[in-house]
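Novice: This is a predicted model, with the sequence first.
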Amino acid sequence: MAEVSRVAETSRSPALGHLRTYGQIAWLWIRAAWQYPLSFVLLAIGNGLITGLDFVGLWIMFAHLDDLAGFTLPEVALLYGAGSLALGIADTAIGSVERIGTYVRTGRLDQMMTKPVPLLVQVCADQFTLRRLGRITQATIVFGWACTYVEWTPLRALVAVSMVLSGAVIFFGLFVGFSCIQFWTTDATEFANAFTYGGATVTQYPLSIFTREVVVALTLVVPVAFANWYPVLFILGREDPFGMPSWLQFASPVAALVTLVLALLVWRTGVRHYTSTGS
Amino acid sequence: MSLIDVRDLERTFVVRRKVDGGRRRVRDEVRAVHDLTFAIEPGEMVGYIGPNGAGKSTTIKMLTGILVPTGGHLRVAGLDPSRDRVALARRIGVVFGQRTTLWWDLPLRDSFELLQKMYRIPPARFRANLERFVELLDLRDQLDTPVRQLSLGQRMRGDITAALLHDPEILYLDEPTIGLDVVSKGRLREFLRALNAERGTTLVLTTHDLQDIEALCDRVLVIDHGTAVFDGPLPALQAQGGSTRTLVVDLVDEAPAIEVPGAVVRRVEGPRQWLSFPAEASAAPIVAAVAASYDVADLSIQEPDIEEVIRDLYSRGGV
């Protein structure tokens, strides 16, 4: 980001400086929310219950089936847990990015532009909330349970850690990138949601239930397959049902980096469009 | 170099509109600002005025880096605002009168703390500034109140404090007294004058309230149809357009229109008559002549009405 490089004065590494600012702003919001502890706890529990129902749905499905497109319940739970955990982390980190259109309409974005913090950091940290803590907790439990069925090797453990981190970055990039549509048209939220939350829903199932074309799209266009599908295939030691190259199972960090860079470029283009049209 | 340096600044917008009942779309170019040139030196207090849609907010957006100019030269504190927006942000404060920068659900104190983190204000300086502004703006009892519960005047004072905590060199104020009562307006103006005197903060003020200008600004920039139609001190603006002063005479009895050299009667209402004479002429001989020939109960002199002068400027479309 060009913006990032120019604010380097106060810290040795600008990116770290921005992360620190992000953390400080987020912390103030958490502290503010904690003034109403009951509402905070209820929100988190509510979020956990709602997302928990997703998994209950899968569970019920397995009461009638032995496997889903060749995957057992613990295996699907591993996919579901990893995808949901990554989504929960990303969803927490992006804060208000989805509402960028509202910020444009109300003039809040103009005000943010007069502050010495890059816009993306401000938008992500604004109204920071831990209401997604429910999803993260729920996803961690499912993921942890599924992990007990895995035959671990050091390499598999490493792939698992990189999977969750990369997945979070991929979802973060998708949210940021697709939210940018709102710089051009402020009421495109539904369209963007089809790709972001739509992509996230897909990761709850083994991709073997889809056709090869869908899997290619989920690899190259909306790369959510890297958030759980490919690395999980490796962790479970399974053959790729579509015969995709096996190096894809290690490519999640690269996919995450590419997604993030593209998202930041789209963001920068969006901001530039905004400052050059004023709308 | 001047603190704010604007030369031949231009900003056009492309507006698409439908014609033929929506079948065809036409691109129109609208020049919101054009051929705008001015310079502001450190410590000046400048009133930036003009009718709605004249280009005031477009200019302020360009000065703060929110909007990229389409032409001309623009430097603020030596920086190109749109390219160095984040660096410039540390050196300016911006208050948009009708919209708060503060966080609706947070107490004032938390909003200020957020800003401390954003601007990375050293804690000692932050405490000293907060202490000072809270004292001067009388906000002590409101520090723990969520912003949404503040009155308009309190919120405005909170916004001004928020814009000043990092010691900006330039403070932009967009309609700072809009919606405030007379007492609050007076206190706010007093505070801004003190700020300018003590810290040398440069003030750029857009307003519809000409009393703000009279109370605060040594210099007025009038913009109309996207370009400056007047730039100079307030008295010069008042003297614009062959303006006149008015002598209001209350006679003891009703009388026909007064006839004295150097003044003409504009209006007669019972025993009261309004005589106008050139603003630069002395009132003394006219007053003496009236008093010599008529029984006068009372006299008063009205300075040229700035609103009238400005209305006149707009209607003539420049000088």
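Specialist: Nice, I can see it.

Novice: going forward, measure contacts and count neighbours with C-alpha atoms only.
Specialist: Will do.

Novice: Can you get me a residue count around the nearest residue to A:Leu165 once chain neighbours are set aside?
Specialist: Closest residue to A:Leu165 apart from its sequence neighbours, by Cα to Cα, 6 or more residues apart in numbering or on different chains: A:Ala86 at 6.9 Å. Residues lying near A:Ala86 (other Cα atoms under 10 Å in any protein chain shown) number 27.

Novice: do the one 3 residues further on as well
Specialist: For A:Ile89, the number of neighbouring residues by other Cα under 10 Å comes to 22.

Novice: Over to A:Ile30?
Specialist: Using other Cα under 10 Å: A:Ile30 sits among 16 other residues.

Novice: how far away is the residue nearest to A:Leu165 from A:Ile170?
Specialist: Distance check for A:Ala86 against A:Ile170: by Cα to Cα, to the nearest Å, it reads 8 Å.

Novice: go on, A:Val41?
Specialist: 28 Å.

Novice: quick one, which of those two is more surrounded?
Specialist: A:Ile170 (30 against 16).

Novice: list the contacts for the residue in the stretch 1-150 of chain A that chain B sits nearest to?
Specialist: Chain B sits closest to A:Pro116 of the stretch 1-150 of chain A, with a gap of 4.5 Å, by Cα to the nearest Cα. A:Pro116 sits next to A:Val7, B:Arg85, B:Val86, B:Ala87, B:Leu88, B:Ala89, B:Arg90, B:Met118, B:Tyr119 when contact means Cα atoms under 8 Å, 6 or more residues apart in numbering or on different chains.

Novice: those helices in chain A, which residues are they?
Specialist: Here chain A has its helices, by DSSP state H, at A:2-6, A:14-33, A:37-64, A:73-94, A:100-106, A:108-113, A:119-125, A:133-147, A:154-179, A:181-184, A:189-202, A:212-220, A:229-235, A:252-277.

Novice: and what of the stretch 151-300 of chain B?
Specialist: B:152-164, B:182-199, B:210-216, B:234-238, B:284-293 (DSSP state H, counting those that start in this stretch).

Novice: ok, and what's touching the longest one?
Specialist: Residues external to helix B:182-199 that are found in contact with it (Cα under 8 Å, 6+ apart): B:43, B:45, B:136-137, B:153, B:157, B:177, B:201-203, B:212, B:215-216.

Novice: Flag the shaky bits of the chain, pLDDT-wise.
Specialist: You didn't pick a chain, so chain A it is. Across chain A, the ranges flagged by pLDDT under 70 are A:1-12, A:186, A:278-279.

Novice: Sorry, I should have been clearer: chain B.
Specialist: B:240-243, B:304-308, B:315-319.

Novice: List, one by one, the residues from it near chain A.
Specialist: B:13, B:64-69, B:84-90, B:93-94, B:99, B:101, B:106, B:110, B:114, B:117-119 (Cα under 8 Å from any Cα of the partner chain).

Novice: Mind checking which of those residues are buried?
Specialist: B:13, B:64-69, B:84-90, B:93-94, B:101, B:106, B:110, B:114, B:117-119 (16 or more other Cα atoms under 10 Å in any protein chain shown).

Novice: Filter those down to the ones in strands?
Specialist: B:Phe13, B:Gly93, B:Val94 (DSSP state E).

Novice: quick one: contacts for the first one?
Specialist: Put plainly, it is B:Phe13. With Cα under 8 Å, 6+ apart, B:Phe13 has these contacts: A:Thr277, B:Glu29, B:Val30, B:Arg31, B:Ala32.

Novice: With B:Leu205 instead?
Specialist: Neighbours of B:Leu205 in contact, by Cα under 8 Å, 6+ apart: B:Met45, B:Val46, B:Gly47, B:Tyr48, B:Tyr172, B:Leu173, B:Asp174, B:Glu175, B:Pro176.

Novice: Just the buried ones from these?
Specialist: B:Met45, B:Val46, B:Gly47, B:Tyr48, B:Tyr172, B:Leu173, B:Asp174, B:Glu175, B:Pro176.
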